[in-house]
Structure formats: structure tokens, C-alpha cells
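A.B. asks: Mind folding the following:
(one chain, ligands or ions: 1)
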Amino acid sequence: MKRYNVAVVGVGAVGEEMLRVLRQRNFPINELRVFARSAREIIVDNQKYSVRKIKPEGFQGVDIALFAGTEGEKGAAVTYAPAAVKRGALVIDNGADFRLKKGVPLVVPEVNPQDAKRHKGIIANPNCSTIQLVAACAPIYKAVGIKRMVVSTYQAASGAGRAAVDELIRQSREFLANGAVGEARALPARIAFNVFPQIGSFGEAGYTTEEWKTVRETQKILHDKKIKITSTTARVPVVTGHSQAVYLETARKISAAKARELLRKAKGIKVVDRAKGKGGRTYPQAIDAAGRDEVLVGRLRQDPFVKNGLWLWVAADNLRKGAALNAVQIAELVCAISS
Ligand SMILES: NC(=O)c1ccc[n+]([C@@H]2O[C@H](COP(=O)([O-])OP(=O)(O)OC[C@H]3O[C@@H](n4cnc5c(N)ncnc54)[C@H](OP(=O)(O)O)[C@@H]3O)[C@@H](O)[C@H]2O)c1
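C.D. replies: Numbering: from 1, shown residues only. Okay, here's the model as predicted:
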């Protein structure tokens with residue numbers, strides 16, 4: 001079996017999960033290089049990793065570079081991805097910098113694996129909340145078409161990185177001890193015992209950057225600019241696991257039972273949707289999604305007033321399927337295509 005020289009860039013919330021997923025899936029690694037802004041040793045699941053200070057020459061001889069550094073002008077991907085590609089590496093990037101660029105495939109392996117073939121050195125991993133949305137909706141889209149989606153998200157603190165998780169824990173302790181919390185630093189508002197409707201910054205038409213990611217990335221992955229998508233994204237005091245209330249208006253009618261059956265057969269999906277019976281009600285919950293690979297889907301029900309309206313509740317681990325796992329699955333897909 002061919003073995004690859006792999007680089008992981010960033011050892012924050014996603015980078016650390018990336019190291020875990022690579023090991024758990026027994027990815028065929030010849031040499032592993034781990035980069036961040038500063039050199040040090042880290043331990044993940046009792047395994048020691050030497051982190052090197054990132055520099056362009058560090059990518060010499062790397063076959064696959066999994067980027068989980070920060071996004072934006074001075075972020076890891078914009079600064080170092082071109083240098084990695086120039087040295088022959090395939091870059092799989094977790095951030096938003098390349099996702100909507102022409103010629104950069106945006107891939108969820110269960111949904112649009114064929115797009116991975118058309119890369120020119122960079123493949124983008126979609127936003128965490130887009131990945132679970134598209135994974136849950138694609139089987140329905142492929143069967144009956146979707147005209148409209150209304151998506152409300154309940155996103156975990158870890159979606160904003162390690163500093164946001166530390167902030168949730170620190171504020172929760174402060175609140176329980178003193179009934180008050182210190183200033184919000186990693187997030188735009190208080191997260192302990194609170195919910196707020198802002199992820200990213202405010203932009204076009206009053207929507208946040210995260211809300212636009214849901215719209216544009218979903219349209220790109222499904223190759224359908226006609227789907228009318230609208231979204232409200234909120235941060236909730238959960239450590240890991242994003243949840244979503246998803247309302248679909250399908251092009252052709254589908255019953256909740258039929259949609260459930262389709263999803264039961266879909267790759268990477270676990271239907272958790274029992275209303276009655278032994279064990280009481282079961283539905284997807286963030287705490288059950290955390291640490292799992294599958295996207296959990298439940299609460300499927302038809303709108304009693306709108307002809308083709310269908311509700312779903314979706315939960316997934318934002319660090320695994322929403323980031324690290326999807327990126328490693330893309331790497332596995334490309335290795336399979338090229339071998
Ligand atoms: N968290 C999620 O659920 C999620 C989901 C999907 C996508 N993403 C995306 O994944 C990326 C990483 O997110 P995260 O949550 O893991 O963030 P994080 O916890 O803040 O960690 C960021 C990591 O990136 C490193 N880094 C920052 N700037 C760098 C640079 N210029 N060169 C090299 N390394 C650099 C940091 O290095 P030091 O440790 O040395 O400071 C740190 O290890 C972001 O683009 C984010 O948007 C996150």
C-alpha cells in the first residue's frame with residue numbers, strides 16, 4: 001500500500017482532532033509533520049507529537065497538507081497553502097479562504113465525491129454547519145429536489161476554536177461562583193447560560209458571514225444556484241456538537257416516512273427518530289453526536305399547512321464530520337482516485 005507524507009497545520013480544536021482521526025482511521029502515513037505558529041511538544045490521546053514552527057520550506061516532500069490554522073488575510077492557509085501547492089502537496093483546507101473560489105472543489109465525500117477529481121492543488125472542506133446540513137439533505141435533494149431551505153442553527157462553542165471552549169468553561173465557573181461573568185473575549189457575547197444569534201460578522205442584508213456560508217456553500221456543493229436558502233445561526237453553551245432545525249420545501253412531495261427510509265440507507269447518516277415505544281422518545285442531541293462520525297437526523301415531520309414542507313433536526317460533531325473527519329475522508333478519496 002502506498003504511504004504518504006502528511007502535514008497537519010494547526011493544533012487547535014480542529015488540528016488536534018485531525019491527529020486523532022488520522023490515527024483512528026489508520027491513514028497510510030509515511031512521515032507526519034505537524035506545524036503551528038510556535039514549536040513545542042503536544043500530547044493527544046497519550047501520543048506525543050513534535051510541533052514545528054511553520055515555514056514554506058517545511059512543505060518540501062509533503063504529499064498531503066491538511067490545513068487547520070486560522071482563516072483570513074494573515075491566516076495559515078492564505079500565507080502557506082500556495083507554498084505547499086508549489087512544492088507539490090495537495091492542500092485540504094478547513095477554513096473559508098478558498099471555499100468559493102472557482103476551480104477549488106468544495107467536497108463532502110458522501111455527496112459530491114466526483115468534484116474532488118477536478119482539483120488544481122487545493123480542495124476546500126466546507127463550513128462545519130454546511131457539512132452536516134448537506135449530508136442530511138442530499139439524499140432528499142437527489143430523490144425529490146429541494147426548492148427552499150430554512151435553516152436555524154444551534155452551534156457549539158468549539159466551532160469558534162479552543163479559546164471559545166475555554167471561555168465557556170471559565171464563564172460558567174465564574175457565574176456559578178459569583179453570579180456574574182467577566183468580559184467576552186473569544187466570542188462576541190456572553191456564552192455561559194446564554195444563546196446569541198451571531199456567528200461571524202454582520203454583512204450583506206443583515207445576515208452574518210456564517211449565514212451566507214450556509215447559503216453559498218450549499219448551492220456550490222449541490223451545483224444548484226436556484227435553491228432558495230435562508231439561515232439564522234446562533235451560538236449555544238454546548239462544548240461540541242452543532243444542532244440544526246432544517247425546514248425543506250421539496251420540489252416533489254415526499255412523506256416523512258419515505259424521507260426517513262431514504263436517510264436510513266444514506267452513507268454517513270444515522271436516523272434517530274423514534275417518537276414512542278420502549279425507551280421513550282429519541283432524537284438527535286449534541287451530546288450524543290459528539291465523538292461520533294455520523295450525522296444524526298430525526299424529528300422528521302411534514303408541515304400540515306404547506307404542501308411539500310418537511311422538517312428535520314440534525315446534529316453532528318462539528319470537529320469531526322464538521323471539520324477533521326471530512327478533511328481526512330477527502331484525503332482518502334483522492335488517494336483512492338489516484339491509486
Ligand atoms: N472549530 C470548528 O468546529 C471548525 C469547523 C470547521 C472549520 N473550522 C476551521 O478550521 C480552522 C481551525 O479552527 P480551530 O477551531 O481549530 O481554531 P483554533 O482552535 O483557534 O486553532 C488554530 C490553530 O491554528 C494555528 N495557526 C494560527 N495561525 C497560524 C498560522 N499563520 N500559521 C500556522 N498555524 C497557525 C494555531 O497555532 P498556535 O497553536 O501555534 O497558536 C492553532 O494551533 C479555522 O479556519 C476554522 O474556521 C473550524
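A.B. asks: What does the pLDDT read for the residue in the stretch 101-250 of the chain that the ligand sits nearest to?
C.D. replies: Residue nearest to the ligand within the stretch 101-250 of the chain: residue 161 (3.0 Å; CB to the nearest ligand atom). Every C-beta, even on glycine, is put in place using the N, C-alpha and C of the backbone. Listed pLDDT for residue 161 reads 96.
A.B. asks: what's the answer for residue 280, then?
C.D. replies: Note on residue 280: pLDDT of 68.
A.B. asks: With residue 339 instead?
C.D. replies: Reading off the model, residue 339 has pLDDT 79.
A.B. asks: Next, find the distance separating it from residue 332.
C.D. replies: 11 Å (CB to CB, to the nearest Å).
A.B. asks: One more: residue 125?
C.D. replies: Spatial separation of residue 125 from residue 332 under the definition CB to CB is 13 Å.
A.B. asks: Same drill for these two, tell me which one is more crowded.
C.D. replies: Taking other CB atoms under 10 Å, residue 125 and residue 332 do not tie; residue 125 has more neighbours (30 against 14).
A.B. asks: Hmm, residue 326 and the more buried one touching each other?
C.D. replies: Yes - with contact defined as CB atoms under 8 Å, residue 125 and residue 326 form a contacting pair (5.4 Å).
A.B. asks: So the residue of the stretch 101-250 of the chain closest to the ligand sits against residue 13, correct?
C.D. replies: Yes - counting by CB under 8 Å, residue 13 is a contact partner of residue 161 at 5.2 Å.
A.B. asks: Specify which residue of the two has the higher count of neighbours.
C.D. replies: More crowded of residue 161 and residue 13, by other CB under 10 Å: residue 13, with 24 against 18.
A.B. asks: wait, isn't the more buried one in contact with residue 158?
C.D. replies: Yes - using CB under 8 Å, residue 13 makes contact with residue 158 at a distance of 5.0 Å.
A.B. asks: Show me whatever sits in contact with both of these two.
C.D. replies: Counting by CB atoms under 8 Å, 6 or more residues apart in numbering, the residues touching both residue 13 and residue 158 are 165, 319.
A.B. asks: and stretch 76-89, is it in reach of the ligand?
C.D. replies: Yes - Stretch 76-89 reaches the ligand (CB under 6 Å from any ligand atom) through 76, 79.
A.B. asks: and what of stretch 328-339?
C.D. replies: No - residues of stretch 328-339 are not located near the ligand by CB under 6 Å from any ligand atom, the shortest gap being 12.9 Å.
A.B. asks: same thing with stretch 127-140?
C.D. replies: Yes - Stretch 127-140 is in contact with the ligand by CB under 6 Å from any ligand atom, via 127, 128.
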